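Peer 1: Could you work out the structure for the sequence below:
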Amino acid sequence: MPTCRPLVAVLAVLVAVAACTTGSSASPSGSASTALTVGLGYIPSVQFAPFYYAQQKGYYRDAGVMVTFQNKIDPDLVTLVGQGAIDVGLADGTSVIPAVSQGIPIRYVATVYRAFPSIVFAKQSSGIKTAADLKGRKIGIPGRYGSSWIMLQALLQSAKLSTSDVQIVEYPDFGQLAAVKQGAVDVATGFINNEPVQLQLSGEPTVVLRVDQAVPLPGPGLITGTKTLSAKRAAVAAFVAATLKAMRDIEASPDAGLDAAIAAVPELGQDRTTQKAILAATIDAWTGGGAASGLGAIDRAGWTKSVAFMTGLGLVPNAVTVEQLVDETLLPKS
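Peer 2: Residues are numbered from 1 along each chain as shown. Got it, this is the predicted structure:
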């Protein structure tokens, strides 16, 4: 996730850094509130609408938490959450597995994207229809890290290919969509609720390749550090519940989520049609195409398969169990 790699120009929002220790202040009701620093993806985006919505509607305040947002790339966010410098983060499940195996003390506490959002996309005119068609092609990617890189390896492996069978072109500035449009690369990695949506809206028939049938990789979700769990467990649980409530509200009324995102990131309002389409694709990824009742739920069987797959790729330096990776006790009781 979504971290997802958002699309709009960088706009700093709510970037004050909270201290690692528990902070509190009086809430409007007179009860104490706990300060939480929350890390989202690299660029403020409509994909983070639930967080903006919950903040603006007072859900976090009413839950007794005072939230400050930061925007970080996924590898930095995972490290900062492990250190306790950020209390809660939205991070790729595929980043959690190798991090925990290397001793970074974090736990995945709620699923945000039930459908794994990292995909490969191309123009239909490229002739690419299956993973086997990627052989010999130029593939744009932000870098050899994170969920996109893992997804690409899984997709290639499903066609008995490896990264040595393709040409990797890195775009650290996340310019791979422009590269596909311009023909600089044949195909690129991206997110189901971002680049292919924009390419299709530009009038270019688009092909999307997904890895879901090859391996059920865990989508982005909320993570926290073990120290934070000890010091602020109730506050983190309240934050999770408030965020899931906002997701349900936005699924029922997408325009309300879009309005909240534009209020937080005014530049999004310059192209409301595109942002609405991206949000619709994001909501579909939250639910996995199914009912909203499963929001937040963690698929342990899927995590077990992912650990085995990533271990086979040599991406898990030390043995790790699902029990060391996830903590479902912070999810609201149904």
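
Peer 1: Check the protein for its longest helix and report it.
Peer 2: helix 226-252 (DSSP state H).

Peer 1: what comes up buried for that helix?
Peer 2: 226-229, 231-232, 235-247, 249-251 (16 or more other CB atoms under 10 Å). (Glycine included, C-beta is placed from N, CA and C.)

Peer 1: for stretch 169-185, same thing?
Peer 2: For stretch 169-185, by 16+ other CB under 10 Å, it's 171, 174, 176-177, 179-181, 185.

Peer 1: Filter those residues down to the ones in strands?
Peer 2: The strands, defined by DSSP state E, take in nothing from those.

Peer 1: Just name the closest of those to A132, please.
Peer 2: Using CB to CB, V185 comes nearest to A132 of these, at 18.0 Å.

Peer 1: contacting residues for the closest one?
Peer 2: 137-140, 169, 176, 179 (CB atoms under 8 Å, 6 or more residues apart in numbering).

Peer 1: So which of these belong to helices?
Peer 2: Short answer: the contacts of V185 in helices (DSSP H) are 176, 179.

Peer 1: May I see the contacts of V185 arranged in CSV, with distance to Y52 and pLDDT as well?
Peer 2: Output for the contacts of V185, formatted as CSV (distance: CB to CB, whole Å; pLDDT from 0 to 100):
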residue, distance to Y52, pLDDT
R137, 37, 98
K138, 36, 98
I139, 33, 98
G140, 29, 97
V169, 33, 97
Q176, 26, 95
A179, 30, 97
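
Peer 1: Going along the chain, name the strands of the stretch 151-300 of the chain.
Peer 2: 167-170, 187-191, 206-209, 221-225 (DSSP state E, counting those that start in this stretch).

Peer 1: Give the other helices and strands that the lengthiest strand in the chain contacts.
Peer 2: In the chain, assigned by DSSP E, the strand with the most residues is strand 32-40. When contacts are defined as 3 or more CB pairs under 8 Å, 6 or more residues apart in numbering; DSSP states H and E, strand 32-40 sits against strand 24-26, strand 65-71, helix 74-83, strand 88-91, helix 226-252.

Peer 1: Quick one: mean pLDDT over the longest one.
Peer 2: Helix 226-252 carries an average pLDDT of 97.

Peer 1: which ones are touching L209?
Peer 2: Here L209 is in contact with 119-122, 128, 130-131, 134, 155 (CB under 8 Å, 6+ apart).

Peer 1: Among these, which one sits closest to T273?
Peer 2: Once CB to CB is applied, the member of the contacts of L209 that ends up nearest T273 is F121, at 19.5 Å.

Peer 1: Can you verify my assumption that the closest one contacts N193?
Peer 2: No. Between F121 and N193 there is no contact under CB atoms under 8 Å: 11.6 Å.

Peer 1: one step back: so can I have TSV of the buried residues of stretch 169-185 showing distance to I262?
Peer 2: Shown next, in TSV, are the buried residues of stretch 169-185 (distance: CB to CB, whole Å):
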residue	distance to I262
Y171	27
F174	21
Q176	25
L177	21
A179	28
V180	27
K181	25
V185	31
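
Peer 1: and of those, the nearest to V67?
Peer 2: Using CB to CB, F174 comes nearest to V67 of the buried residues of stretch 169-185, at 25.7 Å.

Peer 1: Which residues are in contact with A131?
Peer 2: Counted by CB under 8 Å, 6+ apart, A131 has contacts 120, 155-156, 158-159, 161, 209, 214.

Peer 1: same deal with D62?
Peer 2: D62 touches A242, counting by CB under 8 Å, 6+ apart.

Peer 1: and I86, how far is that from F174?
Peer 2: Relative to F174, I86 is positioned 21 Å away (CB to CB, to the nearest Å).

Peer 1: Kindly report the same for P105.
Peer 2: 29 Å.

Peer 1: ok, now K129?
Peer 2: Applying CB to CB to K129 and F174 gives a distance of 26 Å.

Peer 1: Once you drop chain neighbours, what's closest to V38?
Peer 2: Spatial nearest neighbour of V38, chain neighbours left out: V88 (4.9 Å); criterion: CB to CB, 6 or more residues apart in numbering.

Peer 1: Let's see which of the contacts of A131 end up in helices.
Peer 2: Short answer: those in helices (DSSP H) are 155-156, 158.

Peer 1: so what's G140 up against?
Peer 2: 169-171, 175-176, 179-180, 184-185, 187-189.

Peer 1: Please repeat the previous calculation with a cut-off of 7 Å.
Peer 2: Residues near G140 by CB atoms under 7 Å, 6 or more residues apart in numbering: 169, 171, 176, 179-180, 185, 188.
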